[in-house]
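Asks: Curious how this folds, go ahead:
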Amino acid sequence: MKLRVVPDTNLFIGARFNPRSSSARILDLCLKGSFRALLSTKVKAEVRSMLGRVGCEGEFKSKVRRLLKEAEEVEVREELPLLMEDPDDNKLLNCALWGKADYLITNDRHLLKFKEYLGVKIRRPSDFLKEWGQAGKGTGSPPNR
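Replies: Numbers count the residues shown, from 1 in each chain. Alright, predicted model coming up:
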């Protein structure tokens with residue numbers, strides 16, 4: 001079974017500015033089918049908005065469009081007010097919880113401090129790749145669940 005991951009908007013931004021980053025690698029692996037990307041309507045809207053602000057063109061724009069289209073759409077039936085410190089991050093946790101994600105991958109310090117939240121592991125992109133065994137250029141498979 002494929003790992004179910006919620007990529008934070010900051011992965012898209014990181015990949016936009018550094019195509020060799022761990023963030024870019026994770027997005028590429030989602031597109032290759034190594035992981036199942038999960039995105040809610042609110043997360044998709046934030047990705048589009050942020051990339052519109054920083055500029056997104058060419059091949060990267062095509063890649064993002066494809067990922068937004070191919071990602072599993074998570075229906076958040078009820079917004080749970082989970083974080084008080086940065087309420088804007090609630091959309092990511094809600095997406096992860098309602099989508100039954102294995103991981104929420106982020107660079108956000110408010111989220112990373114939890115390490116795990118109600119069964120969802122929260123990791124930096126580089127740490128996620130190390131856990132998964134893909135920090136290098138290998139092409140292994142995700143662990144069995």
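
Asks: Next up, the contacts around Asp102.
Replies: For Asp102, the contacting residues are 3-5, 120-121, 145, by CB atoms under 8 Å, 6 or more residues apart in numbering. Quick note: C-beta positions are derived from backbone N, CA and C, even for glycine.

Asks: okay, and for the protein, where does confidence drop off?
Replies: Within the chain, the stretches with pLDDT under 70 are 81-84, 134-145.

Asks: need the strands for it, in chain order.
Replies: Per DSSP state E, the chain carries strands over the ranges 3-7, 35-40, 72-74, 103-105, 116-117, 120-123.

Asks: Adding mean neighbour count as columns, could you present the ones you listed in JSON lines?
Replies: Shown next, in JSON lines, are these (neighbours: other CB atoms under 10 Å):
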{"stretch": "strand 3-7", "mean neighbour count": "25"}
{"stretch": "strand 35-40", "mean neighbour count": "22"}
{"stretch": "strand 72-74", "mean neighbour count": "16"}
{"stretch": "strand 103-105", "mean neighbour count": "27"}
{"stretch": "strand 116-117", "mean neighbour count": "13"}
{"stretch": "strand 120-123", "mean neighbour count": "21"}
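
Asks: hmm, back to that, which of the contacts of Asp102 sit farthest apart?
Replies: The most widely separated members of the contacts of Asp102 are Val120 and Arg145, with 13.7 Å between them, by CB to CB.
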